[in-house]
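Student: My questions concern the predicted model and sequence given below.
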Amino acid sequence: MALSGEKSPYFSLDEKARREYHSRNVADLHGLISAPLAIYSIFLVCDEPGQNIFSSYECIMKPQRSQIWLIAISSAYVTYDLWLCIFELGYTLQKGGDFIAHHVVGLLGAISVLISGRFNVALSCGQLVSEW
């Protein structure tokens, strides 16, 4: 079986299957970017060496640039994937409602974190480790 070129199984997919294939690849790319960035944002961004968001009050109360980037990248991914699944793949509340709810909750959480600020930014980065 050819993995690339004209004989690749990709070219035999219909349009909907191709969109879902792209969605899954973007999800994998997001996981590859967000999980290491989340680990970095939890354990390696504090001003004081050896501290992390779980052991330092100052660290958790001072949002870092990498944490904001992580939330922005993850929000963009969730927005893209939600748009793709609803408007391109035809997900509805009956078919894919749990997926839609998961993404809507993620977006609302990101908006809430950025509005409330301070320690919520660091905690949100801690939660994003699960993207791996």
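Tutor: Happy to help now that I have it.

Student: tell me the centre residue of the chain?
Tutor: residue 74 (3.4 Å; Cα atoms, centre = their mean).

Student: host element of it?
Tutor: Using DSSP states H and E, residue 74 falls within helix 65-83.

Student: The helix or strand that that helix is followed by: which residues count as buried?
Tutor: Toward the C-terminus, helix 65-83 is succeeded by helix 97-116 as the next helix or strand (DSSP H and E). Buried positions in helix 97-116, judged by neighbour count with 16 or more other Cβ atoms under 10 Å: 100, 103, 106, 109, 110, 113, 114. In short, each C-beta sits where N, CA and C put it, glycine included.

Student: who's in contact with helix 97-116?
Tutor: Taking contacts as Cβ atoms under 8 Å, 6 or more residues apart in numbering, the residues outside helix 97-116 that touch it are 68, 71, 74-75, 78-79, 81-82, 85-86, 91, 93, 120-121, 123-124.

Student: Farthest-apart pair in those residues, please.
Tutor: Greatest spacing in those, by Cβ to Cβ: 68 and 93 (32.1 Å).

Student: Tell me which of these two has more neighbours.
Tutor: More neighbours surround residue 68 than the other of residue 68 and residue 93, with 16 against 9 (other Cβ atoms under 10 Å).

Student: and that one, what is it in contact with?
Tutor: Residue 68 sits in contact with 114, 121, where contact means Cβ under 8 Å, 6+ apart.

Student: pLDDT score for it?
Tutor: Predicted confidence (pLDDT) for residue 68: 87.

Student: Same question for residue 130.
Tutor: For residue 130, the pLDDT comes out at 62.

Student: same check, this time on residue 54
Tutor: We have a pLDDT of 89 for residue 54.

Student: Quick check: it vs residue 72, distance?
Tutor: Using Cβ to Cβ, to the nearest Å, residue 54 is found at 23 Å from residue 72.

Student: Identify, by residue count, the longest helix of this protein.
Tutor: Counting by DSSP state H, the longest helix found in the chain is helix 15-43.

Student: quick one: least confident helix or strand in this protein?
Tutor: Within the chain, no helix or strand scores below helix 119-127, which has a mean of 71 by mean pLDDT, DSSP states H and E.
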